[in-house]
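return atomic coordinates for the entry below.
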Amino acid sequence: MIVYDADGQILGRLCSVIAKQLIKGESVTVVNAEKAVISGKPKTTKEQYLERVSRGDPYKGPFFPKMPDAIFRRTVRGMLPWHKPRGREFYRKLKVFIGIPEELTKGKFEKVSVADASRLKTKSMTLGELALAIGAKKRW
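Numbers count the residues shown, from 1 in each chain. Sure thing, here's the model as predicted:
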């Protein structure tokens with residue numbers, strides 16, 4: 001099992017690395033999903049995600065997640081062959097957590113720097129800030 005810490009990592013780049021690991025057959029766990037960074041202007045990013053959330057019928061869908069861990073999972077899902085049985089098997093091997101759960105605090109895991117957001121020169125926002133902007137209730 002591979003454990004990634006999303007704290008200060010760029011969302012899309014981290015998700016692409018995770019998708020490749022899942023396709024190889026590894027089990028992947030992600031902690032601190034709310035601290036992943038989305039690069040780009042915050043106002044534009046909020047507008048794009050709000051459009052995804054408000055699209056469709058509130059009873060029949062399509063539905064888009066509002067919590068940071070669910071948005072993270074959905075981003076990885078977009079990089080997998082979801083409409084094939086293999087893709088769904090890969091997706092089941094992904095676990096995403098807000099914060100660090102107790103079962104992982106006992107063991108040590110390395111913070112793998114896949115896409116460090118400290119080198120970004122553009123404006124950015126965290127996944128937690130985005131989730132609050134599109135209507136999530138803060139539970140983290």
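
just the strands from the protein, written as ranges.
With strands called from DSSP state E, the chain shows them at 2-5, 28-31, 37-39, 94-96, 124-126.

residue 63 is nearest to which of those?
strand 94-96 (17.4 Å; CB to CB). Every C-beta, even on glycine, is put in place using the N, C-alpha and C of the backbone.

for the closest one, what is the distance to the chain centroid?
When distances are taken as CA atoms, centre = their mean, to the nearest Å, strand 94-96 is centred 9 Å away from the chain's centroid.

with stretch 8-16 instead?
On CA atoms, centre = their mean, the centre of stretch 8-16 falls 8 Å from the chain's centre.

ok, residues contacting it?
With contact meaning CB atoms under 8 Å, 6 or more residues apart in numbering, stretch 8-16 is reached by 4, 6, 30, 35-39, 72, 75-76, 79, 113-118, 120, 127.

give me the buried subset of those residues.
The neighbour-count test (16 or more other CB atoms under 10 Å) marks 4, 6, 30, 35-39, 72, 75-76, 79, 114-115, 117, 127 as buried among these.

just to revisit the earlier point, got a markdown table for the strands of the chain, with distance to residue 58 and mean pLDDT too?
Shown next, in a markdown table, are those (distance: least, CB to CB, whole Å; pLDDT from 0 to 100):
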| stretch | distance to residue 58 | mean pLDDT |
| --- | --- | --- |
| strand 2-5 | 33 | 90 |
| strand 28-31 | 29 | 93 |
| strand 37-39 | 25 | 95 |
| strand 94-96 | 25 | 96 |
| strand 124-126 | 26 | 95 |
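
next, format those as JSON lines and append distance to residue 85.
Shown next, in JSON lines, are the strands of the chain (distance: least, CB to CB, whole Å):
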{"stretch": "strand 2-5", "distance to residue 85": "23"}
{"stretch": "strand 28-31", "distance to residue 85": "19"}
{"stretch": "strand 37-39", "distance to residue 85": "31"}
{"stretch": "strand 94-96", "distance to residue 85": "16"}
{"stretch": "strand 124-126", "distance to residue 85": "34"}
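
who touches the lowest-mean-pLDDT helix or strand in the chain?
In the chain, the helix or strand scored least confidently by mean pLDDT, DSSP states H and E is helix 102-105, which has a mean of 82. Helix 102-105 has contacts (CB under 8 Å, 6+ apart) with 3, 29, 31, 97.
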